[in-house]
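Trainee: return atomic coordinates for the entry below.
(one chain, ligands or ions: 1)
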Amino acid sequence: MTRNVTSTQQPTILMCPPDYFTVSYAINPWMSVDRPCDVGLAKQQWLTLRDTLREKAGADILEMPAVPDLPDLVFTANAAFVYQRLAVIARYKYPERQGEEPYAEAWFRENGYAVHTLPRHTPFEGAGDALIWKDETHEPRVFAGYRTRTDIAAHSLLSSQVGLPVLSLELVDPRFYHVDVCLCPLETGDLIYYPGAFDEYGRTVIEANVPAHRLIPVSAEDAAMFACNAVSVGDAVVLNQAATGLIELLKARGLRVFPVDLSEFIKAGGSAKCLTLRVA
Ligand code: ARG
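Mentor: Alright, predicted model coming up:
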């Protein structure tokens, strides 16, 4: 870390370089210790993502240092839920990731955020499981996932800590174990989602809270290519290059779309959005 975050309008994204990234345990269906990733290629892919976000999407990128034996620290989306200058720090479900919590907390304290934590036994996986949607006519609201990683009890605590309504969505397909792999609010006010990752009631909640013309449902094929795990900065969208159907759809809507190859991170169950955390 070289400097503090200032409260400017410049979109600012926190990333963590993949210095120690690898697949050494399996805590989601995408991971297998028998299918190791190419760590050299992962480093190249991460640099391309970072430079695309900076140079094409116009985001300011901050980096938190990587830590040995914490391979998933690279997925900064999970570090915390950030709203304005407030950070609610993750409580990881699996012991494999719990060692990340103090590093996230330290980063937010050092960078001048008000830091909130949840009780030890309330799993909550940060912005991986809680996403803010807003458009020009509606109040902001949080779509939050539960059951696979985050406990539903975290949702009401989050709501009272940040003062935003939280809409709880049960995640019913183990492949889509965080809400940010099956739902993606865009800064334009649109919302990408994979209907098959939710139950009927969850779909009803999404469709009742976002105007129909704003909804962008994706196919099962695109969802499996991490289409919903996109990074939205203004009218730019950065996402995995294999999500070809969605890429065409977004271009047709007039968005600037920047596909990047993130094959090695998908072996850990993450893609573009998981590797980023919007902190301003
Ligand atoms: N291997 C990581 C895990 O299972 C991937 C995290 C992906 N992050 C996300 N925001 N979806 O926790």
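Trainee: the residue in the stretch 51-200 of the chain positioned nearest to the ligand: what's it in contact with?
Mentor: Nearest residue of the stretch 51-200 of the chain to the ligand: Gly128, at 3.0 Å (Cβ to the nearest ligand atom). Heads up, the C-betas are built off the backbone N, CA and C, glycines and all. Applying Cβ atoms under 8 Å, 6 or more residues apart in numbering, one finds that Gly128 lies in contact with 75, 77-78, 149, 178-180, 274.
Trainee: next step: these restricted to strands.
Mentor: Of the positions in the contacts of Gly128, not one sits in strands, assigned by DSSP state E.
Trainee: now those: which count as buried?
Mentor: For the contacts of Gly128, a burial check counting by 16 or more other Cβ atoms under 10 Å picks out 75, 77-78, 149, 178-180, 274.
Trainee: okay, Leu47 and Ala144: tell me how far apart.
Mentor: Note on Leu47: its distance to Ala144, by Cβ to Cβ, to the nearest Å, is 31 Å.
Trainee: can you check Gly99 too?
Mentor: Plainly put, Gly99 is 24 Å away from Ala144 if you go by Cβ to Cβ.
Trainee: the two - which one has more neighbours?
Mentor: The residue with more neighbours, out of Gly99 and Ala144 and counting by other Cβ atoms under 10 Å, is Ala144; that gives 22 against 14.
Trainee: okay, now the residue lying closest to that one once chain neighbours are set aside: neighbour count?
Mentor: Taking Cβ to Cβ, 6 or more residues apart in numbering, and ignoring the residues beside it in sequence, Ala144 has Ala130 as its nearest neighbour in space, at 4.4 Å. By the measure other Cβ under 10 Å, the count of residues near Ala130 is 29.
Trainee: these two touch, right, Ala130 and Leu158?
Mentor: Yes: A contact is recorded between Ala130 and Leu158 when judged using Cβ atoms under 8 Å, the distance being 6.2 Å.
Trainee: near the ligand, which residues of the stretch 1-150 of the chain?
Mentor: 27-28, 31, 72, 75, 77-78, 97, 128 (Cβ under 6 Å from any ligand atom).
Trainee: what is the most widely separated pair among those residues?
Mentor: Met31 and Ala77 (16.2 Å; Cβ to Cβ).
Trainee: now do the longest helix along the chain, average pLDDT.
Mentor: If each helix of the chain is counted by residues according to DSSP state H, the longest one is helix 39-55. The predicted model gives helix 39-55 an average pLDDT of 98.
Trainee: how about stretch 138-146?
Mentor: Throughout stretch 138-146, pLDDT has a mean value of 97.
Trainee: which residues sit against that stretch?
Mentor: By Cβ under 8 Å, 6+ apart, the surrounding residues in contact with stretch 138-146 are 129-134, 150, 152, 154-155, 158-159, 162, 164-171, 178-179, 182-183, 185, 206, 209.
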